[in-house]
Every structure is written in C-alpha cells, then in structure tokens.
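**Student:** I need the structure of the sequence given here:
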Amino acid sequence: MIRAMIWMGTATRARVVMLVPLASASACVIAPADDACPAWTRAQGDRCVLRGWSVPDSADALSEPGARDVQVAVGRPGDALVAWSQTRINDVGPVVLAEPDGDGWALTEVSAGEGSGLEPAVALARDGRALLAWKQQRTDGAVYLATRDPSGAWQWPAAESPLSWSETAYEPRAHFGSDGEALVLWNQWTGEHFGVAMALRAGDRPSAPFIVPTTATQLLSPAVNYANAPRLAVGEDGEALVAWYQAPVDDLMVYVSERREPGEAFARPTADGFISPPGGPVDSHAQANPWPALHASGAAAVVWTQQRGEADLPVYLATREPDGTWTVPASLADSLSRPGAYARCPQLAFAPDGTMVVTWFETREGDTAVFAWRGRARDEGEPLRLSATGSEAVHPALAIGPDGGAAVVWGEGHDGRWQVLARLHQPHTDAWLPAEPLSTTELGLAPDPQLALDPDDGRVLVAWAQGGVTDGRVYVATLP
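**Tutor:** Sure, this is the predicted structure:
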C-alpha cells in the first residue's frame, strides 16, 4: 500500500510575515466596498487600498533541503495545496503534500512503493475535493492518483494500482471543472508510440471510479511518433481543450483536442491536423510547451514557441472563435513576439472581457527578460518588458482574477543573487504596478515560482523552491 506519513510537529509549520502596504498605495480614493474596488485593492474606510503580500523570511521553509518541482492550487477560503518532489539519499524520495493547518501547514509524504515520487500535480474543487497525481519512477514511470473527499479524508492508491495502464507514463496534470468533474491528463507509452491519455470522473458521481483509457485507440493524440507535454484547459460550461507537441514526420508540431460540450468525447486530430506553421520544429524544452486557455464565451487560444531560424525562437499564438473557427499563424513570420530572440515558457490566460494575456521570457543579445502582451488578436499591442534591466529574469507564471487583474511572478537574478518577484496589472488603468519582491536574496537560486489564483475572490498563492539542486527548500507567499 501507499505510504503516507503525516507530520504535525511545529517544525512543519511555516510562519508567514504580514507586510503592511506602502503608504503610497493607500492614496487612491475610490469606494468604500470591496466589490466596488478595482483589481488588487480592498476597501479601507472610504478608500480602496492595495492588498498587501504576505511573504516568508529565510526561517519559513515548508520543506527540508532537496525540494524541487513545486506545484500549487487554491480552493474555497482556507483551502490550498502545495506539492513537491523531495530528493533524499541517492536522489530517491517521496512527493510531499502540504495542506493548511491552523497557522501552519501539515505535510504528508506520498510514495507508491520503490523509487522516487516525481512530477506532482494538484487540483482543488469548490466543495473541498482534491486531486494529487504524480509519477512514481522505478525502472520506468507510472502515474498514480490520490483523491480527497469534501471532509478532508484522502484515499491513497495501492502501489499495484497506478492510474496509467502500463509503465512508461509521465507528465500528469490534474483539473476540476466548475461542476466538479475531475480530469487527469498524462503521456503514455503504448508499445509503439507515446500518446496523450485522459481519465475522467463526472461531477455528479464523486465516489465513482475514474473512466480510464486502457488501449492506444482511446488516446487523444494521433498514432504517430511521440506525443509530449500535454496541457489541459477546462471552461466554465464544461468544454475542454488539450494541447501538446508531436512529430507527424520530422518536425514537432502543436496539436489540440477539443471537447465543445460536457459529456462529449474529446476529438482526436489527424496526423496532419496540427495548428503550428510548417517549416521549423516546435521547441521541445520543458519550459516551452504549448499552453491552452478557454474563455466563457467559447473562445480559445494556444501559445507556444517554435524555431524560426538560428537564435530565433519566437512565441506563436493560435485563436479560436466561439463558433469553433481557428485562426492559426500563416507562416513562421506570423509570430506574436518580436523575432530575433530565444523565447521560452509562454503562458496564456483570458480576462473576463475576452482580453488575452501572454507572458514568457526571452534572451536577446545576452539579455534575458520577462515580457507580457495583452490583446484580443495577434496584431494588437506590443510586448512589454516586466523585469528589470540588467537582471536575468526567467520562468514567469501567470493568472488572471475575476475582476480581470493579471498577476505574473518570475525568478530574477542579479550578480548571483536571486529572488521571486511579482507584478500586478490593473485593467481600470491599463497599467502594471511596480515589481514586488516575494523572497529574500539570501537563499540562492529561485528560478521557477508557481502561481495559483482563486477564480471567485482573487486570493493568490505563490510557491517556489529556493536554493541549489541539493539544498533547495519550499517557500510560500500569499496575497489574501
């Protein structure tokens, strides 16, 4: 059976220090009610003042040394999940799951037999249900799934009962739909090729087993070569969109699988049904995978990076109208970001009014910076640099709140000193607020923060591993 050890001692409780908002932040007199205050502000008397981040100090680590691959989720008030892979002796260790517990966090070690727990993925539903998926790496990898009911009780899988039907499965993703539908996505070896697998459980059957694919014919991807890095977006009305990259012949291309109505099957694209322009391979870097997003109107979009020429790897955008019509890049010259740079880690989200926000980092002539773009079509607006000049900024993460405010976090280093920074966009002024530090510069590398935002009230949770490969620890910042 799976091994789950609950740590409840004081050593696992992370103290989080509340920051007082800057005096200048309270100078904006708007309205006396929270629901009338613009993005990223709250009512204080007759004023709307900026909400203040709660940030950790160097003594507030959640984990022991050796943490990596941090993932986060937020749910109903007071509910959140942070998960990571914990490296120990001989690079073997469990997945660790952190849940709020009073003024700290309760940690659970999760392992399915021998080997390492890797690639955790977490999701929370509004009723308190939760998903934790991960890859258990032995001779090869298998995907496992643990579920939590609304009471907070976890159901742990047996070591002999992975979610994937055979070994060599990896890259799990976990999601809940607005109706409570549970979806888990991963990449699966079939014996002849890799394909995109999806497991489902209906929202009105929360105790039922997941419907799991068992053969290659039930995969979402065409049966050619290798599919990689699937990602999933789920809409408010139950539609869903999966994006991944796969080589139909030689060059990797971007594919999508769509479900337009709840309960329908996901469409399976043909081998020549990719949405990226031919002529150069889609980038296969772990931080440059296709990223899908959905809007409540039925509009959709996907971003990715693709090789255009030597040292030229721009960001590309494909969009879908609510009627299902796709507009894809006409050629490699039809990029979203400016050519002549090496772009990575594109992420995309829709604001409630249909505006798209895309963020990424790129290296141009030795300068590595984080950028953001806002618009409704590729030819609108220009990318804006978010990170500081003279610093190396990488791996942004993006989320948009219910009032349309965008939040971007990233890792930034200068003279070998790294920290996690955040910038917030206020749609009522169409302005990005100044960058705010979420971590200290005393703890080493902090290149890959993760961000989760509550879609109802805009609460934000940011988590990251900071330090070296062997001594990195997990830290958390929040925007209540």
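
**Student:** Where does pLDDT dip in the protein?
**Tutor:** 1-34 (pLDDT under 70).

**Student:** residues touching Leu386, list them.
**Tutor:** Thr359, Ala369, Val370, Phe371, Ala372, Ala393, Pro396, Val408, Trp410, Arg423, Trp432, Ala435 (C-beta atoms under 8 Å, 6 or more residues apart in numbering). Using the backbone N, CA and C atoms, a C-beta is placed for each residue, glycine as well.

**Student:** Could you rerun that using 6 Å?
**Tutor:** Listed by C-beta atoms under 6 Å, 6 or more residues apart in numbering, the contact set of Leu386 reads Val370, Ala372, Arg423.

**Student:** so which of those is the most crowded?
**Tutor:** With neighbours defined as other C-beta atoms under 10 Å, the most crowded of those is Val370; it has 28 neighbours.

**Student:** Show me the beta-bridge partners of that one.
**Tutor:** Judged by DSSP bridges, the bridge partners of Val370 are Phe361.

**Student:** Ala399 too?
**Tutor:** With DSSP bridges as the criterion, Ala399 is bridged to Ala407.

**Student:** before we move on, back to that, what I need now is the contacts of Leu386 written out in CSV, including distance to Gly177 for each item.
**Tutor:** Listed next are the contacts of Leu386 as CSV, based on distance: C-beta to C-beta, whole Å:
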residue, distance to Gly177
Val370, 31
Ala372, 28
Arg423, 30
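
**Student:** closest to Pro150 among those residues?
**Tutor:** Arg423 (35.3 Å; C-beta to C-beta).

**Student:** Validate this expectation: the closest one resides in a strand.
**Tutor:** Yes: under DSSP: H, G, I helix; E, B strand; the rest coil, Arg423 falls within a strand.

**Student:** Go through the contacts of Leu386 and name the one nearest Glu119.
**Tutor:** Val370 (24.3 Å).

**Student:** all helices for this protein, in order.
**Tutor:** Ranges of helices in the chain, per DSSP state H: none exist.

**Student:** Show the residue spans covered by the strands in the stretch 251-400 of the chain.
**Tutor:** Here the stretch 251-400 of the chain has its strands, by DSSP state E, counting those that start in this stretch, at 253-259, 291-294, 300-305, 315-320, 326-327, 342-350, 356-364, 367-375, 384-385, 392-400.

**Student:** The second one pairs with which strands?
**Tutor:** Pairing partners of strand 291-294, with direction, according to DSSP bridges: strand 300-305 (antiparallel).

**Student:** got the angle between the partner strand and strand 253-259?
**Tutor:** In terms of direction (axes from the mean of the first three to the mean of the last three C-alpha atoms, to 10 degrees), strand 300-305 departs from strand 253-259 by 160 degrees.

**Student:** Now do the end-to-end distance for stretch 267-284.
**Tutor:** 24 Å (C-alpha to C-alpha, to the nearest Å).

**Student:** Tell me how far it lies from the chain's centre.
**Tutor:** Relative to the mean C-alpha coordinate of its chain, stretch 267-284 is positioned 22 Å out (C-alpha atoms, centre = their mean, to the nearest Å).
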